[in-house]
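In: What shape does this take:
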Amino acid sequence: MAFLDRRPLFPGHVLLVPTRHVATLGDLPDALVQPLFTQAKRLARAVQRGLEADGSFVAINNRVSQSVLHLHVHIVPRRRGDGLRGFFWPRHGYRDDAHADAVLQAIQRALDEDEP
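Out: Residues are numbered from 1 along each chain as shown. Model prediction:
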């Protein structure tokens, strides 16, 4: 199901939600991942074409900054010079290459533990 966000970043900001309740992307059953993202792709194209936008921003918040505890995909029309700069928060880099490698290894271990 998709509908216009009631507090849009820009007119045409659409929310796409699965009709089955799941709180986060991690809770979405594997069988529903492909249908959800197929619709996100379709909506992103429609928002761009329908609003003659230069592009789109597609995002999901999981728990943090998730104002409604139901999975929803934001599809926002974008135009050059629209004022949005990358992500909405400051970026925090790695202290050094060792820190980046430690983060990478932690993610890799979690992926390995999550193997089907």
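In: Tell me the pLDDT of Asp114.
Out: In the predicted model, Asp114 carries a pLDDT score of 72.
In: now the lowest-mean-pLDDT helix or strand in the chain, how far from the centre of its chain.
Out: None of the helices or strands of the chain scores lower by mean pLDDT, DSSP states H and E than helix 97-113, at a mean of 82. Helix 97-113 sits 22 Å away from the centroid of its parent chain (CA atoms, centre = their mean, to the nearest Å).
In: tally of neighbours for the nearest residue to Gly26 once chain neighbours are set aside?
Out: Setting aside the residues directly before and after it, Gly26 is nearest to Asn62 in space (CB to CB, 6 or more residues apart in numbering), at 6.7 Å. (Glycine included, C-beta is placed from N, CA and C.) Residues within reach of Asn62, counting by other CB atoms under 10 Å, total 12.
In: mind checking the SS state of Asn62?
Out: Using DSSP: H, G, I helix; E, B strand; the rest coil, the structure places Asn62 in coil.
In: need the contact list for it.
Out: Neighbouring residues of Asn62 by CB atoms under 8 Å, 6 or more residues apart in numbering: Thr24, Leu25, Gly26.
In: Next, give phi and psi for the second one.
Out: Note on Leu25: backbone dihedrals following degrees, to the nearest 10 are phi -60, psi -40.
In: isn't it right next to His72, touching?
Out: No: if you go by CB atoms under 8 Å, Leu25 and His72 don't touch, sitting 10.0 Å apart.
In: Between the two, which is the more surrounded one?
Out: Neighbour totals were compared for Leu25 and His72, and His72 leads with 21 against 13 (other CB under 10 Å).
In: Check the gap between the more buried one and Val17 for me.
Out: 5 Å (CB to CB, to the nearest Å).
In: cool, Leu43 as well?
Out: For Leu43, the distance to Val17 equals 11 Å [CB to CB].
In: Overlap in contacts, these two.
Out: Shared contacts of Leu43 and Val17 (CB under 8 Å, 6+ apart): Ala2.
In: Give me the residue at the spatial middle of this protein.
Out: The centroid of the chain falls nearest to Ala59 when counting by CA atoms, centre = their mean (2.1 Å).
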